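*Asks:* Pasting a predicted model and its sequence here:
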Amino acid sequence: MSTPLHTPNLDAQRAAMRRLEFLDGAWAGEARVLRPAGEFVDLIQREEAQFKLDGLLLLIEGVGRRKSDGALVLQALGVISYDDEAAVYRMRAFNDGRFLETEVKLLERGQGLSWGFTLGEIKTKSVLQINEQGEWTEQHEIAAGPQPSRKLMEVTVRRQSRGGGGAGL
């Protein structure tokens, strides 16, 4: 006897995704990212968060350009959805020709998310929060093997406009 397929509860998915409305919109500011050579590069950072598929997905695109010459240094795209059967948020993130999938957790206090990736001996931990000034901040750490964690990236961007990316909310 086969197990019946789960029928997605679209109302539950949309309700869960509404908890991420605080990210909706265009954001701009600054970032610092650790490059492979071990030095930090200062960036002008833009983040765009938009709901898609009538509020079932949140698409987040981040673009960072080097402050000194405007050269493109960072491009990342993340898609967040809610799995109503497992009651978890999931993200698939794309960067530098690769993609990773992870679970995303809402922070218990305030407006924010946390997530991480493990790829072989490399582990990352990321926290995104809206601070008291209304800024979107991110702190990313990386650890390789037995080495202690170190800062990988930090972001501070401010809202430029409210979204309206078709959430239908």
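*Replies:* Sure, I can see it. Residues are numbered from 1 along each chain as shown.

*Asks:* how would you label A16: helix, strand or coil?
*Replies:* Three-state call for A16 (DSSP: H, G, I helix; E, B strand; the rest coil): helix.

*Asks:* what's the burial count for it?
*Replies:* Residues near A16, counting by other C-beta atoms under 10 Å, number 20. In short, each C-beta sits where N, CA and C put it, glycine included.

*Asks:* who are the neighbours in contact with the closest residue to it other than its chain neighbours?
*Replies:* Closest residue in space to A16, ignoring its immediate chain neighbours: Y82 at 4.0 Å, by C-beta to C-beta, 6 or more residues apart in numbering. Residues near Y82 by C-beta atoms under 8 Å, 6 or more residues apart in numbering: A12, Q13, A16, M17, L56, V88, Y89, R90.

*Asks:* who's in contact with the last one?
*Replies:* The contact partners of R90, by C-beta under 8 Å, 6+ apart, come to I80, S81, Y82, D83, E101, T102, E103, V104.

*Asks:* Give the bridge partners for it, please.
*Replies:* For R90, the beta-bridge partners under DSSP bridges are S81, E103.

*Asks:* Distance-wise, check it relative to E39.
*Replies:* R90 sits 33 Å away from E39, going by C-beta to C-beta, to the nearest Å.

*Asks:* what do you get for R32?
*Replies:* 10 Å.

*Asks:* Mind checking which of those two has more residues around it?
*Replies:* With neighbours defined as other C-beta under 10 Å, R32 and E39 compare such that R32 has more, 17 against 8.

*Asks:* just checking, that one touches V41?
*Replies:* Yes. In this structure R32 lies within contact range of V41 using C-beta atoms under 8 Å: 7.1 Å.

*Asks:* Quick check, pLDDT for G165.
*Replies:* Reading off the confidence values, G165 has pLDDT 49.

*Asks:* Helix, strand, or coil at G134?
*Replies:* Taking three-state DSSP, the label given to G134 is coil.

*Asks:* can you tell me the helix or strand for the nearest residue to it once chain neighbours are set aside?
*Replies:* Leaving aside its sequence neighbours, G134 sits nearest to R159 (C-beta to C-beta, 6+ apart; 6.6 Å). Taking DSSP states H and E as the criterion, R159 maps to strand 150-162.
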